[in-house]
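What follows is a predicted protein model with its sequence.
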Amino acid sequence: MKPVAPRIGRSAVVLMLAAVFVGCGQQGATTVAPATSGPAASSGASTAEPTKRGTAYEVATPRKPSEGSPAKYVLITNGNSPFWDAVRIGMENAGKDLGVKVDLMVNDATDQGQMEKLRQIGTQTDIVGVGLSAVQAQAPGVADEMRKLQAKGVHVITVDSDVDRDLYPDARFAFVGTDNLVGGRELGVCAKGLRPDGGSYVTFVGIKASQNAQERIGGFGEGAGEKFKDMDSMGDDVDEVRARENVRNAIRNHPGLNTLVGIWSYNAPAIVDVVKELDRRKDFTIVTFDAEPGAIKAMAAGQIDAMVVQNPYEMGYQGIRLLKALVEGDGMVIDAMMPKVGQPAGNIYDTGLKVVVPDEGSPLKADLFGPKTQFMKLGEFREWLTKYGLEGS
């Protein structure tokens, strides 16, 4: 996938001239753009903090690798699942297209793991840009390490899961990923369309404190509507054995339960496995986020009724593209990706959503969903995956 052709918006021209290339009272510092209009963070500040919190994103003099060592761009995961395989392919393709070196660092689903990786990057002078998928939205220690990297001249963004945008507006320049609140709503619309009389549901997720989990779960309730009752939300701390046990416990503890909702990618196969084990498929509507290879096979076999699918390939590709533009001060690319940068929510690059349904028999239709959501049958979706050399999304 080739980068989108750049264009220059009116507001961004002013911002770029006034901000990107102008120092900010710190010798060699670069101000890129206002991060958000949210209040200042109340904890986790670093003595090496590079910005006035809540006003603008800055880095110190951009880091330059030593001679003979090529600049590297890194993305850090929040855990390990097939979801990240598509991210890796996207960033590797971006690396080839843009002529840069890239690396995906797999985290252990803990804040501490991410803090250690950020500290490690601080000692590696060849790394000039970092994207991070936050384990938890409110993690002051992680936000602090992100600020410290900026003070060392490393550009920082988030991908897939953001930090708290009100508490830590200065921890990163931008977020590249899904509008998770909209995604949750679309999944709720799937449930409502499949069960117009409503029912009761349980959501299953890795870490409930993560930004994407909170927004998806809240959005699901909005989209499903008042005929659906929220029975529980069960976290598994990215433990796939526990993910299956959560499904068993939910079915055991809620006799009237009729809708099972997978929020993270591996929750879909966990739900399918337990429902098959109990021979209870006829009793449940199953709707899930993401399309792991196992989930795609499960839908083809009639085990999943609808999937809201993100675009992790684009997260990887566009994350690297944005970091390179920040490092090189390429205002045209920044403006093309974020024409409303500096305005509320203007530093979010939405990588899009798909609703995927079985090839036959689904009551769901495209007109139920928002204009920006792409509606696809499973066969069409598989063709899309093949086009980009992906096994899942």
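That came through, no problem.

Quick check, central residue of this structure?
Nearest to the mean C-alpha position of the chain, by C-alpha atoms, centre = their mean, lies Asp160 at 1.4 Å.

Would you confirm that that residue contacts Ile76?
No: Asp160 lies out of contact with Ile76 (C-beta atoms under 8 Å); the separation is 10.1 Å. Any C-beta I mention is one placed from the backbone N, CA and C, and that applies to glycine too.

Now the common contact residues for these two.
Common contacts of Asp160 and Ile76 (C-beta atoms under 8 Å, 6 or more residues apart in numbering): Ser133.

Next one, pLDDT for the nearest residue to Gly389 once chain neighbours are set aside please.
In space, not counting the residues next to it along the chain, Gly389 is nearest to Ile89; the distance is 6.4 Å by C-beta to C-beta, 6 or more residues apart in numbering. Taken from the predicted model, the pLDDT recorded for Ile89 is 96.

Measure how buried Ile89 is and give me the count.
The local packing count at Ile89 equals 19, with neighbours defined by other C-beta atoms under 10 Å.

Which secondary structure element is home to it?
Assigned by DSSP states H and E, Ile89 belongs to helix 83-98.

Which other helices and strands does that helix contact?
strand 72-76, strand 101-105, helix 312-328 (3 or more C-beta pairs under 8 Å, 6 or more residues apart in numbering; DSSP states H and E).

how about Gln211, what does it touch?
For Gln211, the set of contacting residues under the criterion of C-beta under 8 Å, 6+ apart consists of Ala134, Gln136, Ala137, Ser161, Asp162, Val163, Asp164, Asn180.

now do 6 Å
With contacts defined as C-beta atoms under 6 Å, 6 or more residues apart in numbering, the neighbours of Gln211 are Ala137, Ser161, Asp162.

what does Lys72 give?
Counting by C-beta under 6 Å, 6+ apart, Lys72 makes contact with Lys101, Asp126, Ile127.

At which residues are the strands of the stretch 51-200 of the chain located?
Using DSSP state E, counting those that start in this stretch, the strands of the stretch 51-200 of the chain run over 58-59, 72-76, 101-105, 127-132, 155-159, 175-177, 199-205.

The fifth one to strand 72-76, inter-axis angle?
Taking axes from the mean of the first three to the mean of the last three C-alpha atoms, to 10 degrees, strand 155-159 and strand 72-76 form an angle of 40 degrees between their directions.

What does Trp264 show for phi and psi?
The phi and psi torsions at Trp264 (degrees, to the nearest 10) take the values phi -110, psi 160.

is it true that it touches Lys208?
No: contact status for Trp264 versus Lys208: not in contact, 10.5 Å apart, counting by C-beta atoms under 6 Å.

Those two - which one has more neighbours?
Ranked by neighbour count (other C-beta under 10 Å), Trp264 and Lys208 place Trp264 first, with 27 against 16.

For the more buried one, which non-adjacent residue is closest in space?
Counting by C-beta to C-beta, 6+ apart, the nearest residue to Trp264 once its immediate chain neighbours are dropped is Gly206, at 4.5 Å.

need the contact list for that neighbour.
Asp236, Val238, Trp264.

Output the residues you listed in CSV, with pLDDT appended to each entry.
Below are the contacts of Gly206 laid out as CSV (pLDDT from 0 to 100):
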residue, pLDDT
Asp236, 96
Val238, 91
Trp264, 95
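
Could you break this protein into its assigned domains?
Here the domain assignment for the chain is 10-177+312-350, 180-309+352-378, based on automatic domain parsing.

could these be laid out in TSV, adding distance to Thr386?
Converted to TSV, the domains of the chain look like this (distance: least, C-beta to C-beta, whole Å):
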stretch	distance to Thr386
domain 10-177+312-350	13
domain 180-309+352-378	12
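
Comparing the ones you listed by mean pLDDT, which bottoms out?
Between the domains of the chain, the lowest average pLDDT goes to domain 10-177+312-350, which shows a mean of 79.

what distance separates it from the middle of the whole chain?
Relative to the chain's own centre, domain 10-177+312-350 is displaced by 14 Å; criterion: C-alpha atoms, centre = their mean, to the nearest Å.

Which strands or helices does the strand or helix carrying Asp273 pack on?
Using DSSP H and E, Asp273 falls within helix 267-278. Counting contacts by 3 or more C-beta pairs under 6 Å, 6 or more residues apart in numbering; DSSP states H and E, helix 267-278 is packed against helix 240-253, strand 259-262, helix 293-300.

re the thing from before, tell me the one among the contacts of Gly206 nearest to Lys117.
Relative to Lys117, the closest of the contacts of Gly206 is Val238; by C-beta to C-beta it sits at 16.0 Å.

my guess is that closest one contacts Asn80, does it?
No: with the criterion set as C-beta under 6 Å, Val238 and Asn80 do not qualify as a contacting pair; they are 7.7 Å apart.

Pick out whichever of the two has more residues nearby.
For the pair Val238 and Asn80, the greater number of neighbours falls to Val238 (21 against 13), based on other C-beta under 10 Å.

Asn253: neighbouring residues, count only.
The burial metric for Asn253, expressed as a neighbour count using other C-beta under 10 Å, is 11.

what does the one 5 residues further on give?
Summarising burial for Asn258: neighbours were counted as other C-beta under 10 Å, giving 16.

In which helix or strand does Thr288 reside?
When elements are assigned from DSSP H and E, Thr288 belongs to strand 285-289.

then that strand to PDB, C-alphas only?
Included here for strand 285-289 are C-alpha records, laid out as PDB according to Å, rounded to 0.1, in the frame of the first residue of the first chain:
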ATOM      1  CA  THR A 285     -25.300 -14.900  19.600                       C
ATOM      2  CA  ILE A 286     -21.600 -14.400  19.200                       C
ATOM      3  CA  VAL A 287     -20.200 -11.000  18.100                       C
ATOM      4  CA  THR A 288     -16.500 -10.100  18.300                       C
ATOM      5  CA  PHE A 289     -13.800  -7.600  17.600                       C
END
